[in-house]
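Engineer: For reference, the sequence and a predicted model appear below.
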Amino acid sequence: MVTKTKTYAQRAKDHPNTAAKQLLETIDRKKSNLCVSVDVTRKANFLAIIDLVGPFVCLVKTHIDIIEDFDHDLIEQLQVLSKKHDFLIFEDRKFADIGNTVSLQYSSGVHKIASWSHITNAHPVPGPSIITGLASVGKSLGRGLLLLAEMSTKGSLAVGSYTEDAVKMARAHKDFVMGFIAQQRMDGVGAEGGSGTEEEDFLILTPGVGLDVKGDGMGQQYRTPREVIVESGCDVIIVGRGVYGNPNALDVDGVRRQAERYMKEGWKAYLERIGE
Ligand code: 5IU
């Protein structure tokens with residue numbers, strides 16, 4: 001469990017992946033391991049929420065394809081907010097096709113994800129060619145890829161040998177894969193002899209985090225920041241509705257308050273984990 005007890009700053013210092021290094025540096029600078037997931041369908045709401053939570057997050061997670069009035073100006077404004085508040089951008093695209101197709105989905109179309117998203121993610125289901133396909137676009141831009149090793153939903157099939165094989169795929173492509181979407185640390189998973197390797201430092205970003213409810217009635221399962229960061233050794237908590245509530249009746253002070261609350265809980269858990 002090497003990376004579990006190291007500080008974010010120590011890990012940032014010699015991380016070989018540009019996006020991972022940027023994220024670890026941002027976490028350390030802002031003392032925030034909170035990523036807010038902004039799953040709303042109107043551009044104005046999307047930007048308003050990001051401007052409110054910006055001071056409290058290291059990362060903003062997007063689902064750009066759900067925005068009904070998407071335009072290029074939205075991306076420009078998102079980038080302005082990313083500079084203003086000092087956070088990175090993670091498009092939660094969950095690529096899942098053959099290498100050639102994902103390289104086009106990543107670089108082209110309406111959204112041109114690779115041009116603005118520091119981090120994106122992919123299902124390992126097609127095998128290693130999904131990584132090489134995405135790397136052919138993103139690597140030279142200094143982007144990072146997260147593999148979906150596990151999911152937070154009830155009955156997820158991403159368990160056991162599937163998860164182990166995802167970790168093995170990542171180990172073979174450390175130049176572009178910076179970590180996992182998972183529910184626990186992956187150190188040692190799928191490794192010979194069952195131990196983690198000293199030289200690998202995959203970041204674990206974890207959705208399914210909430211302080212007030214345990215689920216959403218649609219399969220989502222929530223755990224607390226402490227369970228995620230201390231007990232499971234993950235690095236970044238991803239929180240959506242727990243922060244922004246009802247996007248159609250935006251409570252401006254409430255959003256700010258919840259973002260600060262989750263940021264503080266996430267940081268407190270991290271300090272406990274590293275023994276401070
Ligand atoms: N998300 C999950 N669970 C997963 C993966 C992604 O919840 O296993 I992979 C996404 C879905 C949504 C966000 O965009 O993270 C969680 O939002 P809520 O905190 O509102 O449930």
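Structural biologist: Received it, and whenever you're ready, just let me know what you need.

Engineer: Using the three-state scheme, assign Arg226.
Structural biologist: helix (DSSP: H, G, I helix; E, B strand; the rest coil).

Engineer: Low-confidence stretches in this structure?
Structural biologist: Judged by pLDDT under 70, the chain has its weakly predicted residues at 1-2, 192-198.

Engineer: the longest helix in it is where?
Structural biologist: The single longest helix within the chain, with elements called by DSSP state H, is helix 252-274.

Engineer: Tell me which residues of it come out buried.
Structural biologist: Judged by neighbour count using 16 or more other Cβ atoms under 10 Å, the buried positions of helix 252-274 are 255, 258-263, 265-267, 269-270, 273. Bear in mind the C-beta positions are built from the backbone N, C-alpha and C, glycine included.

Engineer: Show me what that helix is packed against.
Structural biologist: Applying 3 or more Cβ pairs under 8 Å, 6 or more residues apart in numbering; DSSP states H and E, one finds that helix 252-274 contacts helix 2-5, strand 34-38, helix 43-53, helix 225-226, strand 236-239, helix 241-244.

Engineer: Any figure for the gap between Ile119 and the ligand?
Structural biologist: Ile119 sits 13 Å away from the ligand, taking Cβ to the nearest ligand atom, to the nearest Å as the criterion.

Engineer: how about the residues of the stretch 1-150 of the chain near the ligand?
Structural biologist: Applying Cβ under 6 Å from any ligand atom, we find that the stretch 1-150 of the chain lies next to the ligand at 37, 39, 63, 92, 148.

Engineer: is it possible to export these to TSV including neighbour count and distance to Val167?
Structural biologist: Output for those, formatted as TSV (neighbours: other Cβ atoms under 10 Å; distance: Cβ to Cβ, whole Å):
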residue	neighbour count	distance to Val167
Ser37	21	24
Asp39	17	27
His63	17	25
Asp92	22	20
Leu148	22	12
